[in-house]
Structures are given as C-alpha cells and as structure tokens.
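Undergrad: Sequence and computational prediction follow.
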Amino acid sequence: MKGGEAHGPLARALAGEAEALDTCVHCGFCLPACPTYVRLGDEADSPRGRLHLMRAVAEGRLDPVSDAFQSHLDRCLGCRACEPVCPSGVPYGRLLEHARATAREARTPAPATRGFLRLFASSRRIRWVFGLGRLARDTGGARLLSRLLPRMGRLGALRRALLMVAGSAPWRPGVLGGNGTDAASEPSPPRPPPPEATGFATAGVLAGCVQGALYARVGRATAAVLEVHGVDVRPVPGQGCCGALHAHAGDLEGARVRARANIAAFERAGVDRMVVDAAGCGAAMKEYGHWLAHDPAWADRALRLSERTLDVHEAVAVWGPRRGAPLVGTVAYHPPCHLHNAQDVGDAPLRMLAAIPGLEVRRAQGPEECCGGAGIYGVTHPELGGAIGADRARALADTEARCVATGNPGCMMQIAAHLHEEGAAMDVAHPVELLAESYRRAGWIRTRPGGP
C-alpha cells in the first residue's frame, strides 16, 4: 500500500477494528496520563488524537502515507498509560500495533528503525553486536566514548545508546549494606521445604535478546529464585527474540515468525509455565494468542502459551514469596509500563521486595510515568525520549534511595543512562536480583547470580 491506496490490506485490518476505534468517547482522561501530550501539548500527540487519525485512515479519509499519520504515531511511546485511566476500555495497545503496521506498509521506516529490526532478526547478529556491547561496557569504553559525543543530533542517538549499554553493568550488592555476610563462607541454615504445589512444578525461562545478551544474570537470578520455591527450571533450546520490538515497529509478520518459533520451543520443553523477567517480552508473549488468532495452524497453540506465560513477579507471588535474609537499605521502585499498564500485574513486584527484611521501598513522584525507553524509542527519539527519561531520573534521584529496582531491561538501561547524566550515584537492579541476593545471604542460593 503506497501513497493514495488508503484501503490496502493493512488499512482494512485497521478498518476491522472500527468497533474498538468507536469506543473512544473523547472524554480526555487520557490526556494527563500521556507523556508526549503533557510535554508537547498537541492534541494529535495524545491517545484520543491518535485514535482520531487511525479512524480517518480506516474510513479512507486520510492517506496513511501522510506526515500527520506517520509522525504522530511515530512519537507515541506505546507506554499504554492511557489504558488504565480510560473509562471506555479502549484497547489502545492493540490498535496502535495495527496502525503502525499500516504506517510501515505505506512508508519505509527510518534507517535507525530498519537497522534495529535487521539486528533483532538474526540471533547471530545479536550475539556479535551485544558481545561487542558487553566488551565496551566492561572495559569502560562505552562510557568513555560517550563523553566525546554531543547530546543532540544524530550523534546524540549514538551517545544515548552507548550510555544505555554502559548502564547495563551489574548492580553492587554492597550498595545496600545489610549484614554483609557471605553466606557461602558460613554454615547454611536448613533449606526451606518446597511449598505446597498450588501453582506449577516445572518452568522454562525466556532468555530473550537484550535480556539474554546484557542481563543474563537476571535470568540466572530468576531460575535460582524459582528453584528456592520448589520449581524445576528446565532449559528451552530453540527459543529466541519474543517479537515485541517488531510488533512495536509495525512489523507484525516479523513478530509472528518469532512467536511461532518460541511456541514450538516451549512446547518441546514440556514445561508447565513460561516465566519471563523482561516486562516488554512478557506483554508480547501474552499477546501471541491475538497475534496468531487468524492462523488456523497456530491459533490454539498460541493462545495456550499466552495463558501459561507469567511474569517472574507473578510467578513468585504464587507462593508468597518466601522471606529471605536482610538487605538493609533503600530502593526506589519504578514500574515498567508493560508490566503495570499492559500486563496489569498489580502489586506483585512490591510484594517481592517486601519479602526482603530491612529493605525500604520508596516511590518517586508520578510513580507510574514512563521512563522514555520504550523499546528503541530512547535511541530513535533522543530529544523527546531524553526529556522524558531525564524527568524520570530526577524523580527517582529525589527519593534519595541507594538503588532503583525495575523489571525490564529497556527501563534499566534508560534509567541508568539518565541517572549518570544527572550525576546521581544510584545502582539499577531487577527486583528478582535483590530477592536472589537475600536468598543467597540466607544460604539458600550457594553462589551470587552475577556476571554479564
């Protein structure tokens, strides 16, 4: 569908959502919840404004190649903060994916977006590129090179990417204090018996792409914490990228290819549940049933996997979770948008942190606002994403906590990069890493799940 063919196949798919588009009653509750509208003050950069543009394309009144449709959709973070406050229940996230697919078919995406999609389409390229990223991070080269680049312009995007890579460095358990005991050097208390099997017995953990390449330690912490709760964590050969970044960029077919591969891999593994410790990936996998609903060969299999996918906070909440050894200190909790808004996980992350004796959890002003990372948004939109990220970093720094806890790799990197820009001496960790350290100090995990 190129300029003028407003009713191409993807526009018809958007037209098929006419009932959902008509659900919006233009009440305006979404306006103060939308980070782009709050900063730009443009109705077209609000959820209801974007819905108006989608409806115009679906009805053939607006060409999807137009700058209005393309630019205002492109500026959307996809944070879905509009959904919890919408009294009409507009499925904005689903509509946005259809609209971006329409926009992508009408006009070739920007070079940066195309480059990222090519990267995440190949497991070999992911290994090479993120292997170099780990090397740049661990040698300090990423942070050093970022100092030589300007904050704005095209090189500003590269600078932001380097700071995000540098920000993926492991958190330092010593920053929180506690009793400081290395449990591995002392006699271990008795390991708690497995909890009553009210949830599931076996699980596979999604390694993912960014998560697996830069935050493999989080996957190890997830597996270790599940094992403390009596779960048999099994390997899942053949798994890969969840497809979230492709879906967010409008490449729905590319997202479906990755969904099918993961469905087959988890089926072969024969596990009860799929546990995900990256909020964006978990939200995507819970959408597999929707992505493949019209594929007769995969629809039932996709829906079954979606229904059996759990975020790690949800998984551990099945049993409480168990209280570990003290970590005395303060953390500021930041809820990832795709955990809070898209998955509606609720207070499970706070319950996980509450299971750590001595840990004080603080919330920043505007606790649920997006960090500006939004997949690749922080790199492809360095000015607007940077402004949103800087606001979030300042709010978190104002809590005077020692560490930020958040459950998504994009948020972790974005927040860490902006904390560095703000000169705030705060580490960034996944909540499951904090719980794993508490369990290690209790002697239930023998080694720290550290590393890259």
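TA: Now that the structure is in, tell me what you want to look at. Residues are numbered from 1 along each chain as shown.
Undergrad: Just give me the neighbour total for Asp300.
TA: 13 (other Cβ atoms under 10 Å). Backbone N, C-alpha and C define where each C-beta goes, glycine included.
Undergrad: Repeat that for Glu97.
TA: 22.
Undergrad: go on, Arg100?
TA: 23.
Undergrad: Look up the pLDDT of it for me, please.
TA: We have a pLDDT of 92 for Arg100.
Undergrad: which ones are touching the closest residue to it other than its chain neighbours?
TA: If the residues on either side of it in the chain are set aside, Arg100 comes closest to Gly250, at 3.5 Å by Cβ to Cβ, 6 or more residues apart in numbering. Gly250 makes contact with Glu97, Arg100, Ala101, Thr102, Ala103, Arg104, Glu105, Pro109 under the criterion Cβ atoms under 8 Å, 6 or more residues apart in numbering.
Undergrad: got the CA coordinates for the helix or strand harbouring the second one in CSV?
TA: Element membership for Arg100 (DSSP states H and E) is helix 92-106. Output of helix 92-106 as CSV, limited to C-alpha atoms (Å, rounded to 0.1, in the frame of the first residue of the first chain):
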residue,chain,number,x,y,z
TYR,A,92,-5.1,1.3,22.6
GLY,A,93,-2.1,-1.0,22.5
ARG,A,94,-3.7,-3.4,20.0
LEU,A,95,-4.9,-0.6,17.8
LEU,A,96,-1.5,1.1,17.9
GLU,A,97,0.1,-2.1,16.5
HIS,A,98,-2.4,-2.3,13.6
ALA,A,99,-1.9,1.4,12.9
ARG,A,100,1.9,1.1,12.9
ALA,A,101,1.7,-1.8,10.6
THR,A,102,-0.4,0.4,8.3
ALA,A,103,2.1,3.2,8.6
ARG,A,104,5.0,0.9,7.9
GLU,A,105,3.4,-0.5,4.8
ALA,A,106,2.6,3.0,3.5
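Undergrad: Spell out, range by range, the strands that occur in the protein.
TA: 202-205, 232-233, 273-276, 309-311, 329-333, 359-362, 403-405, 427-429 (DSSP state E).
Undergrad: So which elements touch the helix holding Arg100?
TA: On a contact count with 3 or more Cβ pairs under 8 Å, 6 or more residues apart in numbering; DSSP states H and E, helix 92-106 meets helix 9-15, helix 18-21, helix 47-58, helix 67-74, helix 82-85, helix 244-248, helix 252-269.
Undergrad: Minimum distance to Leu384: which of those has it?
TA: helix 67-74 (10.4 Å; Cβ to Cβ).
Undergrad: how distant is the closest one from the center of its chain?
TA: Distance of helix 67-74 from the chain centroid (Cα atoms, centre = their mean, to the nearest Å) equals 23 Å.
Undergrad: next one: stretch 386-396
TA: Distance of stretch 386-396 from the chain centroid (Cα atoms, centre = their mean) equals 17 Å.
Undergrad: try stretch 311-330
TA: Per Cα atoms, centre = their mean, the centroid offset for stretch 311-330 relative to its chain is 20 Å.
Undergrad: Which positions within it qualify as buried?
TA: 311-319, 321-322, 324-327, 329-330 (16 or more other Cβ atoms under 10 Å).
Undergrad: on that earlier part again, and the gap between the residue nearest to Arg100 and Pro336?
TA: 22 Å (Cβ to Cβ, to the nearest Å).
Undergrad: Can you tell me what sits against the helix holding Arg100?
TA: Contacts with helix 92-106, where a contact means Cβ under 8 Å, 6+ apart, come from 1-3, 8-11, 13-14, 17, 20-21, 47, 50-51, 53-54, 57, 63-65, 69-70, 73-74, 76, 78, 80, 82-83, 86, 247-252, 287, 290, 342.
Undergrad: swap in stretch 122-131?
TA: With Cβ under 8 Å, 6+ apart, stretch 122-131 has contacts from Arg118, Leu119, Phe120, Cys209, Val210, Ala213, Leu214, Gly240, Cys241.
Undergrad: switch to 6 Å and redo it
TA: By Cβ atoms under 6 Å, 6 or more residues apart in numbering, the residues outside stretch 122-131 that reach it are Leu119, Cys209, Ala213, Gly240.
Undergrad: Need the pLDDT of the residue nearest to the first one when sequence neighbours are not counted.
TA: Taking Cβ to Cβ, 6+ apart, and ignoring the residues beside it in sequence, Leu119 has Arg125 as its nearest neighbour in space, at 5.3 Å. Arg125 is assigned a predicted lDDT (pLDDT) of 88.
Undergrad: can I get the strands of the chain in a markdown table with distance to Gly443 and mean pLDDT?
TA: Listed next are the strands of the chain as a markdown table, based on distance: least, Cβ to Cβ, whole Å; pLDDT from 0 to 100:
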| stretch | distance to Gly443 | mean pLDDT |
| --- | --- | --- |
| strand 202-205 | 23 | 96 |
| strand 232-233 | 19 | 94 |
| strand 273-276 | 24 | 96 |
| strand 309-311 | 27 | 97 |
| strand 329-333 | 20 | 96 |
| strand 359-362 | 18 | 96 |
| strand 403-405 | 23 | 97 |
| strand 427-429 | 21 | 96 |
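Undergrad: For Met164, find the nearest of those strands.
TA: The nearest among the strands of the chain, by Cβ to Cβ, is strand 427-429 at 11.0 Å.
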